[in-house]
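S.K.: Sequence first, then the predicted structure:
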Amino acid sequence: NMSGIAGILYFDGDADSRPAVSSLVNAMSHRGPEGNSLWIKDNVGFGQCLLRSTPESFHENQPYMDVSSSLTITADARLDNRDELIAKLGIHKRENKRLGDSELILEAYKKWGKDCACKLMGDFAFAIWDQRKKLLYCARDHLGAKSLAFVCNERFFAFASESEALLSLPGISSKPNEELIAYFLLPAFQDFNPRTSWLSEVDGLMAGEYLLLSPDGKPSVHQYWQLGPSDQEDSYVSERESREAFLEIFSEAVRCRLRTAGDPAAMISGGMDSASIR
């Protein structure tokens, strides 16, 4: 699943967001073999480059707006804990197969607000516009499988699945980020912002982070998860028990990632990790 998402929020309430969102989506049209779509609300606009890859995705259209809550979402997502979320959110089982992952994320935001990202499992990058609060919320999955680049200046905040797409916006420089180049060429060089991209004016969310953009136009980035030792670290009495627990978790992880609308295919390298899949 590799759809594309994009959006822009102009700080001038009278600005028209349609031209900019159209440019962002057109720059990533290769991600949308099944078409591109836009959602426009004056100075705010979302875009989606559509690739349907899961059974539920055939029942959803993005960007999606929930009229009752005035919430709008655009998401590149595959959720692996759908059943758990549906149970916690009290959603009727009959709606399960027709409920897209983007709508499920929106329901999670309704219940948990900015803490919703830590309740999700899977690969995801998404943005939610909260019309009532005038708040933009963006998040990236725990391990950073999906990407989300953004740029913020005096006129607007914009995001996209690909940093290069943001070059389609007026005034965004293609100047490379020399500090990041120095880091890769000189390992001892550490003086750079890890959220920066190859482009000097473009940043990106890191794995396990979410971003809030308040009406004052100042984005704040927060970490909701980081890899660390768990409480189960010392709970296995033998190597065999530990191995069996790993295989159970690993098998479930593989099963989740093969949830698809068609016949799945896997590229296997031949190493120890790939051999475990067979």
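M.R.: That came through fine.
S.K.: Output the below-cut-off pLDDT ranges for this structure.
M.R.: For the chain, residues meeting the criterion pLDDT under 70 lie at 1, 93-97, 192, 230-234, 266, 269-278.
S.K.: Walking through it, point out its strands one by one.
M.R.: Secondary structure of the chain by DSSP state E: the strands cover 4-10, 36-41, 44-49, 64-66, 71-79, 122-130, 135-140, 149-152, 156-160, 203-204, 209-213, 219-223.
S.K.: Which elements pack onto the fourth one?
M.R.: Spelled out, that is strand 64-66. In terms of contacts (3 or more C-beta pairs under 8 Å, 6 or more residues apart in numbering; DSSP states H and E), strand 64-66 is packed against strand 71-79, helix 101-112. Any C-beta I mention is one placed from the backbone N, CA and C, and that applies to glycine too.
S.K.: Could you rerun that using 10 Å?
M.R.: Secondary-structure packing of strand 64-66 (3 or more C-beta pairs under 10 Å, 6 or more residues apart in numbering; DSSP states H and E): strand 36-41, strand 44-49, strand 71-79, helix 101-112.
S.K.: Return the list of strands paired to it, each annotated with direction.
M.R.: strand 71-79 (antiparallel) (DSSP bridges).
S.K.: Next, the angle strand 4-10 makes with the partner strand.
M.R.: 150 degrees (axes from the mean of the first three to the mean of the last three C-alpha atoms, to 10 degrees).
S.K.: what angle sits between strand 71-79 and strand 156-160?
M.R.: 30 degrees.
S.K.: what residues are up against Leu99?
M.R.: With contact set as C-beta atoms under 10 Å, 6 or more residues apart in numbering, Leu99 has these partners: 56, 59-60, 82, 85-86, 89, 91-92, 107.
S.K.: Could you single out the nearest of those to Trp198?
M.R.: Glu60 (32.4 Å; C-beta to C-beta).
S.K.: So the spatially closest residue to the closest one that is not a sequence neighbour versus Ser168, what's the distance?
M.R.: Spatially, and ignoring its direct neighbours in sequence, Glu60 is nearest to Gly100 (2.8 Å; C-beta to C-beta, 6 or more residues apart in numbering). Per C-beta to C-beta, to the nearest Å, Gly100 is found 27 Å from Ser168.
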